[in-house]
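**Q** Below are the sequence and a predicted model for it; my questions follow.
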There are 2 protein chains.
Amino acid sequence: MITLSDIRAAHERIKPHIHRTPVLTSTVLNTLSSGNLYFKCENFQKVAAFKARGAFNTVYSLSDSEAANGVATHSSGNHAAALALAARTRGITAYIVMPEDAPEIKKNSVRRYGGIITFCEPTLAARESTLADVIRRTGTVEAHPYNDVRVITGQATATVELLEDVPDLDIVIAPVGGGGLMSGTALAATYLKPNIRIIGAEPELAGDAAISFRENRIAPPMPPLSIADGLRSALGTLTFPIIKEHVDEIVTVSEESIIIAMRQIWEVMKIIVEPSCAVPFAAVMEGKIDVRGKNVGVILTGGNVDLERLPWQK
Amino acid sequence: MITLSDIRAAHERIKPHIHRTPVLTSTVLNTLSSGNLYFKCENFQKVAAFKARGAFNTVYSLSDSEAANGVATHSSGNHAAALALAARTRGITAYIVMPEDAPEIKKNSVRRYGGIITFCEPTLAARESTLADVIRRTGTVEAHPYNDVRVITGQATATVELLEDVPDLDIVIAPVGGGGLMSGTALAATYLKPNIRIIGAEPELAGDAAISFRENRIAPPMPPLSIADGLRSALGTLTFPIIKEHVDEIVTVSEESIIIAMRQIWEVMKIIVEPSCAVPFAAVMEGKIDVRGKNVGVILTGGNVDLERLPWQK
């Protein structure tokens, strides 16, 4: 049971290490959507992703003896970079298990922050067994990307800041992957603004959370086809019950909408967001969420994009 | 003679119509440059360029009878869009003379804001004679992109805001094209912080302002080869004397540096800047400006980029 004071304590713990990201608005996007959209820019966060919040909270929650042997995770995404940075900031080692076919840009991002990479076959089974090996060998602590109380609590702090800056929100929307951000968002929003509407958005091609929500069981992940590579995970045993209890609705969007929404944010707001990050705005533009006349908080989750090739380019 | 109270009056005049743009910082870019860089994000301004300041100041400085027949300019860039928006906001007509080979994206930008385009041959002579025709035919007021007291005074307001947010600047850097922003920046900085160092940056391939500054005469524009298409104009008869008097130095950078700097800003700050906008940071990274240990204001001028093709893509 994560309480509001847990979230506030996490916020104090990570504040020295993370950015207080700005909330931006756009007249053009408000006109297009007929709502008042408030974008919480976690794409400007450390490592360019909200994942810094959960990673710093995890690393700085450890006692000195727990921390001594470092932290470990399997991830090819923003959590890996965030954990590497948090570990380096505390002066401990981060062991990152990555599939050998991960993009160079992601390998370099982990290396830049001093993470030690162990490569494995690109299957979930290989990732899990390799991580188990690393943990056995090094005596390190596992830092799961989402199914961890410390991570959920850390991710919740983005919504605390958003509601400090914009107290009058009617709706808050976050994307759903493994559910770390979604469950944290739901808890913070419920505690601070009980009548707010809490909505999750995910790609149809990674629509397992919508199924889980509807069928009241954790649906397995779908084949990794969505361009929103940060949202392909299944919900976790900790994140699912929180989402089930506190989230009002989970909507899904097409791949085409995600790319259009991403490009609109780039063109109009002049900020860089990754495909996963554009999913909530895509849901608004698809008409899946009725925002007319409402004050709507949208968590922009990250800005890590390969600038050599953009999704709308042939 | 533009005074500080002229600048303050312009600021009050345009405030209802422009964005108070944020000042962003980046630990990574500070580390790379060894300075403390404060980026004034005019790429988030209306029409995604500082040009909105000068255009709104010009349009709202007109008496009702002056304004009645609208405003006109020749421009294929951000000034054209800014003038169209300012005119539409006041409910008057903007006539924009553009070369027929201007990119579609720029034509559309003017049309989006309701500007009326007259096409001409892509030469300066044709642009000027076509504009003269339009003015004769419509009885409209010319709104020059930079060589106009109202424009210079409007552009100066960006530095007023920057120094309100970061009073302790040692240096301020702006790019130099026709000199509207540079002269406005120089005036505001001189009035508000007499000991600040004021530096202009321009591409070597559009290095006419550096020559003008050195040789104390207005050098002609160079062939339009630089990727920084906003900086190709020669200085004007009003902007040159202000720059000569108040700017400490004008430095030039290579085309390669501009592209590298633009990409670094995208990758690290997750914001979209156009090539012209990256020129001051390119000058810092080329070592042309000694920023070690200094607080440095950098005016980011605009974010209008064709997202179909980026300069670093083959």
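**A** Everything's here; your move.

**Q** For the stretch 151-300 of chain A, give the residue positioned nearest to chain B.
**A** residue A:270 (3.7 Å; CB to the nearest CB). Bear in mind the C-beta positions are built from the backbone N, C-alpha and C, glycine included.

**Q** So that residue sits against residue B:43, correct?
**A** Yes: the pair residue A:270 / residue B:43 is scored as a contact, 4.9 Å apart, by CB atoms under 8 Å.

**Q** Now the common contact residues for the two.
**A** Common contact partners of residue A:270 and residue B:43 (CB atoms under 8 Å, 6 or more residues apart in numbering or on different chains): B:271-273, B:303.

**Q** Pass me the low-pLDDT residue ranges in the stretch 101-250 of chain A, would you?
**A** Scanning the stretch 101-250 of chain A for pLDDT under 70 picks out no residues.

**Q** where along it do the helices fall?
**A** With helices called from DSSP state H, counting those that start in this stretch, the stretch 101-250 of chain A shows them at A:104-112, A:124-138, A:149-165, A:180-192, A:208-215, A:239-246.

**Q** looking at these, which is buried most?
**A** helix A:180-192 (a mean of 28; mean count of other CB atoms under 10 Å in any protein chain shown).

**Q** Just give me how far it sits from the chain centre.
**A** 12 Å (CA atoms, centre = their mean, to the nearest Å).

**Q** list the helices and strands it packs on?
**A** helix A:4-14, helix A:149-165, strand A:171-175, strand A:197-203, helix A:239-246 (3 or more CB pairs under 8 Å, 6 or more residues apart in numbering or on different chains; DSSP states H and E).

**Q** What mean pLDDT does the first one get?
**A** pLDDT averaged over helix A:4-14 equals 98, rounded to a whole number.

**Q** Just the closest residue of the stretch 1-150 of chain A to chain B, please.
**A** Taking CB to the nearest CB, the stretch 1-150 of chain A has residue A:43 as its residue nearest chain B, at 4.9 Å.

**Q** Can you give me the neighbour number for that residue?
**A** Neighbourhood size, residue A:43 [other CB atoms under 10 Å in any protein chain shown]: 25.

**Q** So it, which state does it fall into?
**A** Secondary structure, DSSP: H, G, I helix; E, B strand; the rest coil: residue A:43 is helix.

**Q** Who's the closest spatial neighbour of the residue most central in space within chain A, skipping the chain neighbours?
**A** Compute the mean C-alpha point of chain A, and by CA atoms, centre = their mean the closest residue is residue A:181, 5.0 Å away. Setting aside the residues directly before and after it, residue A:181 is nearest to residue A:155 in space (CB to CB, 6 or more residues apart in numbering or on different chains), at 4.6 Å.

**Q** Ok, residue A:42 next?
**A** residue A:50 (3.9 Å).

**Q** Might you report the residue contacts of the one you found?
**A** So residue A:50 contacts A:42, A:155, A:158, A:181, A:299, A:301-302 (CB under 8 Å, 6+ apart).

**Q** how near is it to residue A:302?
**A** 7 Å (CB to CB, to the nearest Å).

**Q** joint contacts of those two?
**A** residue A:42.

**Q** for the closest residue to the residue of the stretch 151-300 of chain A closest to chain B other than its chain neighbours, what are its contacts?
**A** Spatially, and ignoring its direct neighbours in sequence, residue A:270 is nearest to residue B:303 (3.7 Å; CB to CB, 6+ apart). Taking CB under 8 Å, 6+ apart, we find residue B:303 in contact with A:270, B:43-44, B:48-49, B:271-274, B:277.

**Q** With distance to residue A:32 and pLDDT as added columns, please give those in a markdown table.
**A** Below are these laid out as a markdown table (distance: CB to CB, whole Å; pLDDT from 0 to 100):
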| residue | distance to residue A:32 | pLDDT |
| --- | --- | --- |
| A:270 | 16 | 97 |
| B:43 | 20 | 97 |
| B:44 | 17 | 97 |
| B:48 | 16 | 95 |
| B:49 | 21 | 97 |
| B:271 | 21 | 98 |
| B:272 | 18 | 98 |
| B:273 | 23 | 98 |
| B:274 | 23 | 96 |
| B:277 | 25 | 98 |
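
**Q** ok, back up a step: quick check, pLDDT for the residue nearest to residue A:270.
**A** 96.

**Q** check contacts around residue A:77.
**A** The contact partners of residue A:77, by CB under 8 Å, 6+ apart, come to A:51, A:106, A:145, A:229-230.

**Q** do the same with residue A:64
**A** Residue A:64 neighbours (CB under 8 Å, 6+ apart): none.

**Q** follow-up on the earlier one: most neighbours among the contacts of residue B:303, which one?
**A** When these are compared by neighbour count (other CB under 10 Å), residue B:277 ends up highest, at 33 neighbours.
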